[in-house]
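Trainee: build me a model from this:
(one chain, ligands or ions: 2)
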Amino acid sequence: MASANTKEIYGSLVFNEHVMKERLPSATYKSLKATLQRGAALDLDLANIVASVMRDWAIENGATHYTHWFQPLTGITSEKHDSFLSPNKDGTAIMEFSGKELVKGESDASSFPNGGLRATAEARGYTAWDPTSYAFIKDGTLCIPTAFCSWTGEALDKKTPLLRSMKAVTSQAKRILHLFGKDVSHVDVTVGPEQEYFLIKKEHYEAREDLILTGRTLFGAAPSKGQEMEEHYFGALREEVSAFMKDLDEELWKLGVSAKTKHNEVAPCQHELAPIFDRCNVAVDHNLLTMEMMKKLAPKHGLVCLLHEKPFEGVNGSGKHNNWSLSAPGMNLLDPGDTPKDNLQFLIFLAAIIKAVDEYNDLLRMSIVGAGNEHRLGGNEAPPAIVSIFMGEVLEGILDAIASGSEYVAPAAAKIDLGVEVLPQFAKDDTDRNRTSPFAFTGNKFEFRMPGSSVNISDANTVLNTAVAKELKGYADELEQAEDFDKAVVKLIKRTIRDHKRVIFNGNGYSREWEEEAARRGLHNEPSACEALGAFVDPKNIALFEQMGVLNEAECRSRYEVKLENYAKVRHIEAVTMLEMARRQLVPAASRYMGDIAKGMNRKKTACPGISCKAEEKVLRQLTNYTDAMSDAADRLEACVEKAERCEGALATARCYHDVVLPAMSDLRAAADAAESICGAEYWPLPSYSTMLFYV
Ligand code: ADP
Ligand code: MG
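Mentor: Ligands and ions are numbered 1, 2, ... in the order given. A predicted model of the protein is given here:
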């Protein structure tokens, strides 16, 4: 693809502010903006004008269809395309798109998972425009970002609770700012997700049923060369990878996605793309588009993009670092200030986050649960299943000093002014960032590193926003009653740090000692996905969601069900794929190899009676053992899957897949990988780890 002028193509397929201002009658533009700012619904007259302008713009840019683009409870995004076409009686046609079609779509969504919600509500779903995320054109279709609800108002998607949680946290943040004498027009949640992914050759992908059906390798002996050399990180890009990235950047820029940095990651064939941060819901939409484009464009370059959290065992997995902050016009609320007063404001937001992460530790852990992420968490390279906060030594020292009321002795780099009571002035912590922390303060934002690479990050952000909203609300309620505001703030910060300090940990999060220490501190450590999901229906957490107006109890329970069902489904597909591959590809391959060896031995002996066949015999015996083991393990796995399928209820089923099926899958894999390691290379039907990861 010819290199286009970035400035020219950026946002060229987006119905953005610029297009609206240019094309909408100015009165319409103003009232649209005013409506959006109030967060109110559009009236139909206004919607009709916007829709007709949007339609003309879309048609000029090659669109023939439109779709309400939404985010169901599983899967990534969903769209049903309708054409603009409306036939006339005289055989001609006009292109139509009404305000009603823009703002609301009726969706026969019975095939989308709802965890029993719509059954109880007995209502069909509808999609509603989220006008705070711009419409865009993709593949000749005008995509309108929408929320998806039942007619009774229950959220059937991931966007609705996200928008509710954003509203909750930003309105509480506004209250706090008001107490600091700052009346701002609005507060935003900002998010910048760093997306990790693997690229492998298309021909390798196509030769592996496991990758095609499950997104990860279910078999594969460890390569002789691992990632020990660390030569890949920031290394030079392969030609086709670099062409892919260029293509991807351009397509994303057209969609207004601000793809900014790209580089190799730690593992071979692993890469990362980071956009410039945006408003939370927009960042989520853009991340979904990014994943879609990655998958779509890779094959054009002879590659396939793997977004799974753990495509290769023993090799680093992929995550999605969720950079998160709050901002008001002209200020990042997580940026330490220059004056003691600004510092105080910063510290109150910081304290609220510390408290939120401690009190809703289990919920944050729950928010990133997934069958794929389960292989990653607790593994060698990824954050453990314990949610703790990295604060940096300087900041922790300051917090300690505040909590104990003692003087803080600053390290040389920090600029501290202890003149004003206990309100220290400090410079940004530039110490080496701790890469092992699941939730790290990185100077002016938090980086939540637990989300998996394949998921919609709405869940993680919804929980984070809601928990922080709750704590800010508690603070605002208390501070509004205070007689001496500054003193009350300091008292509050002190109390928070004293009570919630246990969640701060600056050390090596991957170490065994930390697990022990975390247990002593009473922090959650639940490596099992299904058990961690239980937090969704814990009364304390349901109360949080209800109190903050984000999810009601039925919505929490339905999501819990969907997540459990999804876990079981993923494991089921993996297990039956393994069975199929083991029985129809791997055992036959090993037999073929052994048959040829046996034949060869006989020929050797005939040609040269008495000759040694020691090597062949060794292989025959060993491979026979492994093949027997594979066959037995496959039978056991099949029985385990049958047992899981007989379980009643989503929790019991998911548990059985986790406790019973997963270990049986491991056994089968171990036998197969052992067989692979001694089977003749040209006999083994699957491209090996070395072939896939170290191709040239
Ligand atoms: P890293 O060292 O982790 O790669 P970067 O500085 O490159 O960190 O930033 C990573 C991501 O964080 C980028 O997507 C960036 O836009 C985002 N980011 C930066 N500031 C903020 C903020 N205030 N709120 C949310 N995300 C932010
Ligand atoms: Mg990062």
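Trainee: the closest residue to residue 133 other than its chain neighbours - how many residues pack around it?
Mentor: Of all residues not flanking residue 133 in the chain, residue 145 sits nearest, at 4.1 Å (Cβ to Cβ, 6 or more residues apart in numbering). (Each C-beta comes from the backbone N, C-alpha and C, glycine too.) As a burial measure, residue 145 scores 25 neighbours (other Cβ atoms under 10 Å).
Trainee: and if you look at the one 10 residues further on?
Mentor: A count of nearby residues for residue 155, using other Cβ under 10 Å, gives 24.
Trainee: avg pLDDT for the longest helix along the chain?
Mentor: Counting by DSSP state H, the longest helix found in the chain is helix 614-646. Per-residue pLDDT over helix 614-646 has a mean of 98.
Trainee: which other helices and strands contact it?
Mentor: helix 553-581, helix 587-607, helix 650-656, helix 662-678 (3 or more Cβ pairs under 8 Å, 6 or more residues apart in numbering; DSSP states H and E).
Trainee: tell me how far it lies from the chain's centre.
Mentor: Relative to the chain's own centre, helix 614-646 is displaced by 36 Å; criterion: Cα atoms, centre = their mean, to the nearest Å.
Trainee: could you look up the SS state of the residue nearest to residue 133?
Mentor: Here residue 145 is recorded as strand under DSSP: H, G, I helix; E, B strand; the rest coil.
Trainee: check what pLDDT it gets.
Mentor: 93.
Trainee: gap between it and residue 360?
Mentor: To residue 360, residue 145 is 28 Å away according to Cβ to Cβ, to the nearest Å.
Trainee: and what of residue 331?
Mentor: Applying Cβ to Cβ to residue 331 and residue 360 gives a distance of 26 Å.
Trainee: so between these two, which is more surrounded?
Mentor: Counted by other Cβ under 10 Å, residue 331 and residue 360 do not tie: residue 360 has more neighbours, with 25 against 17.
Trainee: tell me which helix or strand the residue lying closest to the more buried one once chain neighbours are set aside sits in.
Mentor: Nearest in space to residue 360, with sequence neighbours left out and distances taken as Cβ to Cβ, 6+ apart, is residue 467 at 4.0 Å. When secondary structure is defined by DSSP states H and E, residue 467 falls within helix 458-480.
Trainee: get me the contact residues on the stretch 51-200 of the chain for ligand 2.
Mentor: With Cβ under 5 Å from the ion as the criterion, the stretch 51-200 of the chain meets ligand 2 at residues residue 194.
Trainee: which SS state does the residue in the stretch 51-200 of the chain positioned nearest to ligand 1 fall under?
Mentor: With Cβ to the nearest ligand atom, the shortest gap between the stretch 51-200 of the chain and ligand 1 falls at residue 192, namely 2.7 Å. Following three-state DSSP, residue 192 is assigned to strand.
Trainee: quick one: the residue nearest to it when sequence neighbours are not counted from ligand 1, how far?
Mentor: Closest residue to residue 192 apart from its sequence neighbours, by Cβ to Cβ, 6+ apart: residue 277 at 3.2 Å. As judged by Cβ to the nearest ligand atom, to the nearest Å, residue 277 and ligand 1 stand 3 Å apart.
Trainee: give me the phi and psi for residue 277.
Mentor: Residue 277 has phi and psi values of phi -60, psi 160 when expressed as degrees, to the nearest 10.
Trainee: over to residue 274?
Mentor: Residue torsions, per degrees, to the nearest 10, at residue 274 are phi -120, psi 130.
Trainee: give me the neighbour count for residue 318.
Mentor: 26.
Trainee: okay but it is in contact with residue 269, surely?
Mentor: No. When contacts are counted by Cβ atoms under 8 Å, residue 318 is not listed as touching residue 269 (10.7 Å).
Trainee: now the common contact residues for the two.
Mentor: Listed contacts common to residue 318 and residue 269 are residue 198; contacts here mean Cβ atoms under 8 Å, 6 or more residues apart in numbering.
Trainee: ok, for residue 251, nearest residue in space, not its chain neighbours?
Mentor: Nearest one to residue 251, counting by Cβ to Cβ, 6+ apart, is residue 293 at 5.3 Å.
Trainee: low-confidence stretches in the protein?
Mentor: Across the chain, the ranges flagged by pLDDT under 70 are 1-4, 75, 108-114, 116-124, 225-237, 266, 339-341, 378-383, 406-433, 696.
Trainee: okay, domains of it per the record?
Mentor: As given by automatic domain parsing, the domain ranges for the chain are 6-157, 192-213+225-515, 565-693.
Trainee: what about residue 616, distance to residue 597?
Mentor: Residue 616 is 5 Å from residue 597, by Cβ to Cβ.
Trainee: and the two? which has more neighbours close in?
Mentor: Comparing residue 616 with residue 597 by other Cβ under 10 Å, the one with more neighbours is residue 597, at 19 against 16.
Trainee: how close does that one get to residue 680?
Mentor: Distance from residue 597 to residue 680, counting by Cβ to Cβ: 8 Å.
Trainee: swap in residue 473?
Mentor: For residue 473, the distance to residue 680 equals 66 Å [Cβ to Cβ].
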